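Q: Sequence first, then the predicted structure, then my questions.
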Amino acid sequence: MSGSVNNTNTSTPSSQSPPTLPQRRFGFGRRSSLFYAAALLAVFVAVTFKISTPGHRFVLPSLGLHPALRPGLLHKLQGLISITRQQQPGARHISERPPCVLWMAPFLSSGGYSSEAWAYITSLRAHAGDSQLRLQIDHHGDLQSVEFWLGLPEESRSLAHQLHATECSIDETIVVCHSEPGAWYPPLFETSLCPPTGYKDPLFVVGRTMFETDRLNPAHVARCNRMDAVWVPTEFHVSSFRRSGVDPAKVVKLVQPVDVEFFDPAKHEALVLPSKAPVLGSNSRASTGREFVFLSVFKWEHRKGWDVLLKAYLEEFSKADGVALYLLTSAYHSDKDFSTKIKVFVERSGMKEPTDGWAPIYLLDAHIPQSDLPRIYKATDTFVLPSRGEGWGRPIVEAMAMSVPVIATNWSGPTEYLTEDNAYPLSVARMSELVEGPFKGHFWAEPASDQLKGLMRHVVNNPEEARRRGRQARSDMIERFSPQVVAGLVVDQILNIVGNRSKRD
Ligand SMILES: *[C@@H]1O[C@H](CO)[C@@H](O)[C@H](O)[C@H]1NC(C)=O
Ligand SMILES: *[C@@H]1O[C@H](CO)[C@@H](O)[C@H](O)[C@H]1NC(C)=O
């Protein structure tokens, strides 16, 4: 569960104010159509973030819809209301229609689960036709961010509108709850319910999750076991989930898609990276005539190993080396003054400034829209993330899809795809115990910091070899995780579920 280690969702529920987006209502029995319509209207409007001013955390439902949407929306609502009235569970011959999949995930928030969920639905949309499955989506599991929504490509936003409006009755629906288990019904914090009406009504319920330590909490194990199946992205998770007590028959590996069409180096121009005002050191381009760019993308938390990265980089390089480290980081339960955090870290670490000056470190503006990400990777010589544990490691695979050589810790999620041919896998020095937070007592990996220095030096000295591994990385991403390949795997799973259900009936 990306970001769920020391997740405030479980530890301090009050800091996560409830999303304004009401849960989807299914039209069975007691709930009045009117309430259903009001809820839907609010959902629909909330999804239409276009009208909002950035800076407002939540968008209040208003009639400020894009004019082009209004008549269609009303029509849609009327349609839904009449369906609601007529609908009787079991009234349809469900076997004659393609299965309906309701994918519930933090579509309107940034973060690992969100980008992963977007990757699944865009893959399914592109490669699994309406004749194979009917796909419906809803927001679930995290706070909505207007900024994130506005940064999405236009096609994504329009896809969200479209898929949100798919109509299915709950008894013919396979619900996928794509979030950390604490968000699943009944949720431990305020979020829309998944599955929406509990476990009895849907045809089948899947929990799609992952974790970054070596085990699962007993409470999470129990939540996994309430699901009909638990989809995890890697072999690492299949074994850690089973070892922790999740019913082995329920655990299914389903890898993540990587958007190899969006993250395609042939389609993007490199962004001109800022060279003014580094947090530390000074621009070395002028004096050395070149600059080898290291990039890291992460949330500012201990798990990501930013401390290991800064120390290795600053000890290995100085200004004379003509390298630069760019950090694209975002806050994680902390303030955003990363510049001060870096300076304080360097001061406290006791490192001595090299005589010719620090190798420079730059902060990239974290508000860079999602649509500009490929251009940042394109400007990068090597991506580096010495993290202590990853569910999957989306920035790593994005860099790989962009043919950027990567240095990343060979433990947890990334073991699914890192090899000596397509990357520079960083060894684990030892396992370390989490000493605080909700996952106290779990273990994760401490990356080998000396080897990290060696690998960073190696790519600077062997750029051609590094580029070769980068090309191999893209080809591996295409072969194993392209939208088409993964959409096929999802459809297989769905058909398998439907097949088993109809046998049982
Ligand atoms: C990475 O880790 C996996 C799983 O532990 C292991 O099988 C593999 O040999 C490792 N790769 C390298 C290059 O060390
Ligand atoms: C469907 O049944 C087959 C054969 O019994 C089993 O191997 C498979 O795991 C089942 N699939 C699901 C999703 O339950």
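A: The structure has been received and is ready for your questions. Ligands and ions are numbered 1, 2, ... in the order given.
Q: for the chain, what spans make up the strands?
A: Along the chain, counting by DSSP state E, strands occupy 100-105, 134-139, 173-178, 204-208, 229-232, 251-253, 292-299, 323-330, 361-363, 382-385, 406-409, 424-426, 428-433, 443-447.
Q: Could you check how far the residue nearest to residue 254 when sequence neighbours are not counted is from residue 278?
A: The spatially closest residue to residue 254, leaving aside those adjacent along the chain, is residue 231, at 4.4 Å (C-beta to C-beta, 6 or more residues apart in numbering). Just so you know, the C-beta spots here come from the backbone N, C-alpha and C atoms, and that holds for glycine as well. Residue 231 sits 42 Å away from residue 278, going by C-beta to C-beta, to the nearest Å.
Q: what about those two, which has more around it?
A: residue 231 (23 against 20; other C-beta atoms under 10 Å).
Q: Which phi and psi values does residue 350 adopt?
A: phi 80, psi 10 (degrees, to the nearest 10).
Q: now the helix ranked longest in the chain against strand 134-139, angle please.
A: With secondary structure taken from DSSP state H, the chain has its longest helix at helix 483-504. Between helix 483-504 and strand 134-139, the angle comes out at 110 degrees (axes from the mean of the first three to the mean of the last three C-alpha atoms, to 10 degrees).
Q: Which elements pack onto helix 483-504?
A: helix 112-127, strand 173-178 (3 or more C-beta pairs under 8 Å, 6 or more residues apart in numbering; DSSP states H and E).
Q: Could the C-alpha coordinates of the last one be exported in CSV?
A: Going back to what we said before, that points to strand 173-178. Provided in CSV are the C-alpha atoms of strand 173-178 (Å, rounded to 0.1, in the frame of the first residue of the first chain):
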residue,chain,number,x,y,z
THR,A,173,-20.6,-6.5,-10.8
ILE,A,174,-17.1,-7.6,-9.9
VAL,A,175,-15.9,-4.9,-7.5
VAL,A,176,-12.2,-4.1,-7.4
CYS,A,177,-11.2,-2.2,-4.2
HIS,A,178,-7.9,-0.7,-5.1
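Q: Briefly note if it comes near ligand 2.
A: No: taking C-beta under 6 Å from any ligand atom as the criterion, strand 173-178 and ligand 2 are apart, separated by no less than 9.7 Å.
Q: Can you list the strands that that strand pairs with?
A: strand 100-105 (parallel), strand 204-208 (parallel) (DSSP bridges).
Q: Flag every residue of this protein that's near ligand 1.
A: Checking the chain against ligand 1 by C-beta under 6 Å from any ligand atom, the hits are 410, 415, 420, 425.
Q: so of these, which ones are in helices?
A: Among the residues of the chain next to ligand 1, no member falls in helices (DSSP H).
Q: What pLDDT does the model give the closest residue to residue 119 other than its chain neighbours?
A: Sequence neighbours aside, residue 257 is the residue nearest to residue 119 in space, at 4.4 Å (criterion: C-beta to C-beta, 6+ apart). We note a pLDDT of 95 for residue 257 in this prediction.
Q: Surely residue 257 and residue 486 touch.
A: Yes: counting by C-beta atoms under 8 Å, residue 257 does reach residue 486; the two are 3.8 Å apart.
Q: domain ranges for this protein?
A: Residue ranges for the domains of the chain, per automatic domain parsing: 8-20+92-257+484-504, 265-481.
Q: Quote the end-to-end distance of the last one.
A: Taking C-alpha to C-alpha, to the nearest Å, domain 265-481 runs 17 Å from one end to the other.
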